[in-house]
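Participant: predicted model, plus sequence, below.
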Amino acid sequence: MNVSIVQAMINSIDKPAIFINTDYTILAVNEAYRDTYETEVRVGSSRCFEVSHGHSSPCDKHGEECPIRQCVKTERASSVIHIHNTEQGKTYCDIIMRPVKDADGITTGFLEILDKIEFATAESHANKMIGASAPFKTMLTKINRAASSEIAVLLHGETGTGKELVAKALHESSRRAEKPFVVIECTGLNENLFESELFGHEKGAFTGASYAKKGLIEIANGGTVFFDEIADVPLSMQVKLLRLLETQCYRTVGGIKQRKADFRLICASHKNLLELVEKGEFRKDLYYRIAGFPITLPSLYERAEDIPSLALHFLSHSELRHKRFDKKALDRLSEYSFPGNIRELKSIVEQAALLANEDVITIDDLPEQVHFSNHQDSHLKQLVSLEEAEEVYLRRICETEKLPIDELAACLGVSTRTLYRKFQKYELKYE
Ligand SMILES: Nc1ncnc2c1ncn2[C@@H]1O[C@H](COP(=O)(O)OP(=O)(O)OP(=O)(O)O)[C@@H](O)[C@H]1O
């Protein structure tokens, strides 16, 4: 193998890159790679895991997946998310590893290219996404790949899972980062308001339009538009939105001139849009236009392993950052199901820190819902009267459900009046 040609190839890659032989030894390295790590790279003797992790043996001996092993197994390129020791501390890296073969088809080495992920971290850091669990890493890979493209991204996840944070991360890692990031909250916008908010209006366009107003699409020019709760866009407006997305053109309310729109589209929904399409409540054509690259955000329950680090992160960024959790309190938090996801965890941490009389936050300082949830689960594991079970069930509904009361009553198979009576009986409040 001609090493100087390999080195020239590596130099031409604009991301950190190395060429390694089958024994993990680095045979060629570019400047971007050298600049990434504190550890000096000695061509011909440094091994990749020594530089990136400070390990003395391959990553799979330390509980991480080794992309080289995967390449050898499949004879194809592989990718993995690793945490590397870089100049900026522990940093997430999206690694692509490609086997390089000689004329006889024998693998002689591997090309490794990395992408540093600036918007996430496994350690506490303001304004970054925190996590280290497998579902979190899977989501990171998708966000990182989508960020470098112009594809329309659809974020799906329960309330409080971080959809807006992910949308911002996508924008800030894209080529549009220097331009505006505009959020359009679709819930509660009626048809007229939606159109004038989105497209702007001319002076005198309707009663009360005493001055011309720029629309959000114009304000976002060159940047990203984030449609939050896209499922709530009225059906009649969906067709106008589709036209805007297809033609990239629009008119202000009361205006005649066609205007050109230039924005990257990100949408989010906690509802399952495909189900709404089935029911005829969301246009199929609009769905396929906005769901170019769907990303599902895991609930906190699915990534319970991240609860302690998130709790410590929120505590260290709160007013009471000098306080600390005792182990039992952290364990109890990890057992709780968090229907409100990360937003609920943040609020629970802040409440517990305030409630703690001492500098150590104990189990007794955790708010009621955390105790109740555990008590409730153990309660239902024993034999209890149907009346008691009903009370426990209705209490949980009051904490987690958001359906209008008549829809809820229909789901439970009782009349709205009966449901009200039951809430009264158990002194429950449904809001
Ligand atoms: N991975 C994370 N690391 C740290 N903080 C996070 C993470 N994900 C979300 N948060 C925080 O959790 C809170 C809720 O996040 P966000 O508002 O983005 O959720 P959402 O899914 O958009 O909620 P909703 O559907 O109710 O609008 C915010 O304070 C956000 O900063």
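Facilitator: That came in fine, so what should we check first? Residues are numbered from 1 along each chain as shown.
Participant: which bits of this structure sit near the ligand?
Facilitator: Taking Cβ under 6 Å from any ligand atom as the contact definition, the chain meets the ligand at 129-131, 157, 159-165, 228, 270, 342-343, 346. (C-beta placed from N, C-alpha, C; glycine too.)
Participant: and I18, how far from A177?
Facilitator: 27 Å (Cβ to Cβ, to the nearest Å).
Participant: what's the mean pLDDT across stretch 258-273?
Facilitator: The average pLDDT for stretch 258-273 rounds to 95.
Participant: show me what counts as buried in it.
Facilitator: Neighbour counts using 16 or more other Cβ atoms under 10 Å place R259, A261, F263, R264, L265, I266, C267, A268, S269, H270, L273 of stretch 258-273 among the buried residues.
Participant: output that stretch as CSV, restricted to C-alpha atoms.
Facilitator: Taking Å, rounded to 0.1, in the frame of the first residue of the first chain, the C-alpha atoms of stretch 258-273 are listed here in CSV:
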residue,chain,number,x,y,z
GLN,A,258,-46.2,36.3,-4.8
ARG,A,259,-43.4,36.1,-2.3
LYS,A,260,-40.6,33.5,-2.2
ALA,A,261,-40.1,31.6,1.0
ASP,A,262,-36.7,30.2,2.0
PHE,A,263,-36.7,28.0,5.2
ARG,A,264,-35.9,24.6,6.5
LEU,A,265,-38.9,22.7,7.8
ILE,A,266,-39.1,20.9,11.2
CYS,A,267,-42.4,19.7,12.6
ALA,A,268,-43.3,18.1,15.9
SER,A,269,-46.3,16.2,17.3
HIS,A,270,-47.1,14.2,20.4
LYS,A,271,-50.0,12.6,18.4
ASN,A,272,-49.5,9.7,16.0
LEU,A,273,-50.0,11.5,12.7
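Participant: looks to me like D115 is in a strand.
Facilitator: Yes: counting by DSSP: H, G, I helix; E, B strand; the rest coil, D115 is part of a strand.
Participant: looking at the chain, which strand is longest?
Facilitator: Longest strand in the chain, counting residues (DSSP state E): strand 89-101.
Participant: run through the neighbouring helices and strands of it.
Facilitator: helix 67-74, strand 78-86, strand 107-117, strand 120-121, helix 134-147 (3 or more Cβ pairs under 8 Å, 6 or more residues apart in numbering; DSSP states H and E).
Participant: now do the contacts for A147.
Facilitator: Shown in contact with A147 (Cβ atoms under 8 Å, 6 or more residues apart in numbering): A169, L170, S173, S174.
Participant: if you rank those by neighbours, which is first?
Facilitator: Within the contacts of A147, L170 tops the neighbour count with 27 neighbours, counted by other Cβ atoms under 10 Å.
Participant: wait, that residue sits on A146?
Facilitator: Yes: under the contact definition of Cβ atoms under 8 Å, L170 touches A146, with a separation of 6.1 Å.
Participant: overlap of the contact sets of those two?
Facilitator: Shared contacts of L170 and A146 (Cβ under 8 Å, 6+ apart): V153.
Participant: span of stretch 398-409 from start to end?
Facilitator: End-to-end distance for stretch 398-409: 12 Å, by Cα to Cα, to the nearest Å.
Participant: could I get the pLDDT score of the residue nearest the centre of the chain?
Facilitator: The centroid of the chain falls nearest to V166 when counting by Cα atoms, centre = their mean (4.3 Å). For V166, the pLDDT comes out at 97.
Participant: likewise D377?
Facilitator: Here, the pLDDT recorded for D377 equals 52.
Participant: shaky segments in the stretch 151-300 of the chain?
Facilitator: Along the stretch 151-300 of the chain, no part satisfies pLDDT under 70.
Participant: cool, and the stretch 301-431 of the chain?
Facilitator: 372-383.
Participant: from the middle of its chain, how far away would stretch 93-113 be?
Facilitator: Centre-to-centre, stretch 93-113 and its host chain are 31 Å apart (Cα atoms, centre = their mean, to the nearest Å).
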